[in-house]
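In: Pasting a predicted model and its sequence here:
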Amino acid sequence: MTFFFWFGIVFSLGAAVLPFIFHNAPNAEEYMFPKIFIYFPSLFLTEIGLICGCRDIAANKLVRSFPIAKELYTKSVPLFSAILTVGVSVVCVGAYFIFLGITGAEAEQFADTLIIGAVILAPQLIMSSFLAIIPGGGALGVYVAFLPVILISVIGENTVMRRGFGVSVPAAALIFAVSVAVSAAVMFFLAGWNYRRSNVRINNALMNCETK
């Protein structure tokens, strides 16, 4: 497990550097790929967090009987995923925007970065509460997040992947913000629904020990 943790860290750092090295202007064949790579660190750090931490805690049957179970399942785990997913993305995108500004990039490059981010982060956030409590959930998260990107690359190979989405920066920022906010809200709602559906039973002995 330690190996996968450090591999994820190194891989994430390497992925974070790629958009700055392989930067492409609109209409280039690999134009959208740097915009996708900029979200790799948040994706993989979140998955490593789910694999190395959340799954062992939230999927443990003993933990399910703790008095803190509801707080853990409905708030702590979703919040952990949201902070990693959104927090790391904001840092990486902020650095990338500074780079784009220094290089005098076109406005659509900023917009396309935000739009593809909404496409990647939305399914990641929505599914995190489920992925955190199932075996192999962290690994499945990679496929969940990038399935929309794969569909876009297949359907829009000669349009979106080369020319972007054709959206203004203010519209892209609004789409990104709304997408993240709605996805996070759905994630917390699903976490609560999943907790109620699982019919978790608190161990009365543990509850008594806590109150003494």
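Out: Received it, and whenever you're ready, just let me know what you need.
In: If you count residues, where's the longest helix of the chain?
Out: Ranked by number of residues, the top helix in the chain under DSSP state H is helix 169-197.
In: What are the buried residues along that helix?
Out: Buried residues in helix 169-197, defined by neighbour count with 16 or more other CB atoms under 10 Å: 172, 175-176, 179-180, 183-184, 187-188, 190-192, 194-195. In short, each C-beta sits where N, CA and C put it, glycine included.
In: Nearest residue to Gly164 in space, please, no chain neighbours.
Out: Asp112 (3.9 Å; CB to CB, 6 or more residues apart in numbering).
In: One more: Val160?
Out: Nearest non-adjacent residue to Val160, counting by CB to CB, 6+ apart: Ile152, 5.5 Å away.
In: Name the residue closest to the centre of the chain, please.
Out: By CA atoms, centre = their mean, the mean C-alpha position of the chain lies nearest to Thr85, the distance being 3.9 Å.
In: State the distance from Ala15 to Leu147.
Out: Separation of Ala15 from Leu147 (CB to CB, to the nearest Å): 18 Å.
In: Have a look at those two and say which one is more surrounded.
Out: Ala15 (19 against 13; other CB atoms under 10 Å).
In: any idea which element the more buried one lies in?
Out: Using DSSP states H and E, Ala15 maps to helix 2-21.
In: Show me where this protein dips below the pLDDT cut-off.
Out: Within the chain, the segments meeting pLDDT under 70 span 1-9, 51-65, 132-139, 141-142, 145, 156-158, 198-212.
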